[in-house]
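[1] structure, please.
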Amino acid sequence: MYMIGSYIDSLNSIFKWSMETADPRISSWFLMGSVNSLLFVVTAYLLMVYYGLKFMKGRNPYSMNRVVFAYDMLMVVLNAYIVYESIAVAFNENYSIICQKIDYSSSYNAMRLVRAIWLFHVSKVIECLDTFFFIIRGRTHLVTWLHIYHHCTMIPLTWAAVKWTAGGEMFEPVAVNGLIHVIMYSYYSLAALGPKWRKYLWWKRYLTMLQMFQFSYGMFYSCISLYKQCGLPRPVYGLNLFYEGSLLLLFYNHYQHAFHRPKKQALCKKVSAYFIYTLYECYSLGSTEFFDTTYNANQILVYKT
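    Numbering: from 1, shown residues only. Down below sits the predicted model:
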């Protein structure tokens with residue numbers, strides 16, 4: 001019982017510390033007040049998946065092409081705006097691609113980038129509607145482990161990005177991911193127009209390849225940041241490296257299953273080996289402090305001083 005109590009006290013201390021070191025500029029913004037909103041969104045999403053699949057079992061799918069088309073176009077516009085705002089701030093402030101320090105001030109451009117990153121998180125919450133539309137339209141085969149894993153993990157990760165690292169070098173992954181989603185939702189919007197547009201959707205496999213390139217780039221970016229010892233704690237880059245790698249493996253498995261199934265097993269082994277090798281190399285570059293979590297408030301808030 002003593003060990004359990006000590007463990008709970010440690011968790012409470014970590015939680016209290018994390019809230020105290022959070023960015024005060026966004027504490028009153030929608031979805032950013034406390035961790036309760038995050039837990040609510042993720043729980044609601046999982047319940048929607050479970051009960052949605054249960055509800056649609058044995059029912060005819062609903063035709064919602066016009067609604068889905070409008071939704072996809074809205075996501076194109078939203079992601080394009082996020083990309084524009086992120087790049088505009090980086091250009092105006094002459095940001096460095098690697099190791100750009102976070103500006104914790106309330107200046108115009110600093111807050112402009114904070115809003116873009118916050119919208120990035122909001123867009124990930126809105127993207128839960130992807131799953132809803134898959135289920136309600138009878139396309140339950142698309143609600144895969146990869147699909148659910150991606151949504152359930154992106155929401156807390158982007159929430160944490162807004163909560164603690166809204167600014168600086170975050171502009172780059174936000175802009176890259178936003179651009180990918182502009183292309184992706186453009187594809188979805190064409191698909192929602194019906195069968196007569198299928199002849200224009202020949203580039204589906206290249207969209208998946210583009211997503212895999214994004215994850216590979218994310219791993220490379222994390223390795224460089226570790227090597228250069230950028231300002232964020234090493235576990236932040238380590239977590240991103242592992243997460244991007246997990247998505248790369250899952251998307252590659254999906255790609256092989258959808259387009260090159262006969263070669264799936266051999267090629268997946270090569271990608272797995274590449275992922276493990278990359279982790280090892282980045283660990284070596286980052287020294288033995290790679291997974292050191294003994295960072296205090298002064299270290300994680302180094303840019304505020």
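[2] where do the helices sit along the stretch 151-300 of the chain?
    Secondary structure of the stretch 151-300 of the chain (DSSP state H, counting those that start in this stretch): helices at 171-191, 204-227, 234-259, 264-285, 297-300.
[3] now those helices as TSV including distance to Asn94?
    Just so you know, the C-beta spots here come from the backbone N, C-alpha and C atoms, and that holds for glycine as well. Output for the helices of the stretch 151-300 of the chain, formatted as TSV (distance: least, Cβ to Cβ, whole Å):
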stretch	distance to Asn94
helix 171-191	12
helix 204-227	19
helix 234-259	23
helix 264-285	27
helix 297-300	25
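[4] count the residues that sit near Thr158.
    Per other Cβ atoms under 10 Å, the neighbour tally for Thr158 reads 23.
[5] for this structure, longest helix please?
    With secondary structure taken from DSSP state H, the chain has its longest helix at helix 65-92.
[6] flag every buried residue along it.
    In terms of neighbour count (16 or more other Cβ atoms under 10 Å), helix 65-92 has its buried residues at 68-69, 71-72, 75-76, 78-80, 82-83, 85-90.
[7] same check, this time on stretch 192-207
    For stretch 192-207, burial by neighbour count (16+ other Cβ under 10 Å) applies to 192-193, 207.
[8] out of the residues you listed, which is nearest to Val143?
    Minimum distance to Val143 across the buried residues of stretch 192-207 is 17.3 Å, recorded for Ala192 (Cβ to Cβ).
[9] which residues sit in contact with the closest one?
    Ala192 makes contacts with 65, 68-69, 72, as judged by Cβ atoms under 8 Å, 6 or more residues apart in numbering.
[10] go on, Leu207?
    183-184, 187.
[11] again, but for Leu142
    By Cβ under 8 Å, 6+ apart, the contact set of Leu142 is Phe134.
[12] next: Val77.
    By Cβ under 8 Å, 6+ apart, Val77 lies in contact with nothing.
[13] what do you get for the one 3 residues further on?
    The contact partners of Ala80, by Cβ under 8 Å, 6+ apart, come to 178, 182.
[14] can you pull the pLDDT of it?
    Confidence at Ala80, expressed as pLDDT, is 98.
[15] for Met56, give its distance to Met170.
    Per Cβ to Cβ, to the nearest Å, Met56 is found 38 Å from Met170.
[16] of these two, give the one with the bigger neighbour count.
    Comparing Met56 with Met170 by neighbour count (other Cβ under 10 Å), the higher total belongs to Met170, at 22 against 18.
[17] was I right to think that one contacts Trp164?
    No: using Cβ atoms under 8 Å, Met170 is not in contact with Trp164, being 10.1 Å away.
[18] what lies in contact with the helix or strand containing Thr131?
    In this structure, Thr131 sits in helix 128-136 according to DSSP states H and E. If you take Cβ under 8 Å, 6+ apart as the criterion, helix 128-136 is touched by 41, 45, 48-49, 52-53, 56, 61-62, 64, 67-68, 71, 140, 142-143, 147-148, 151, 155.
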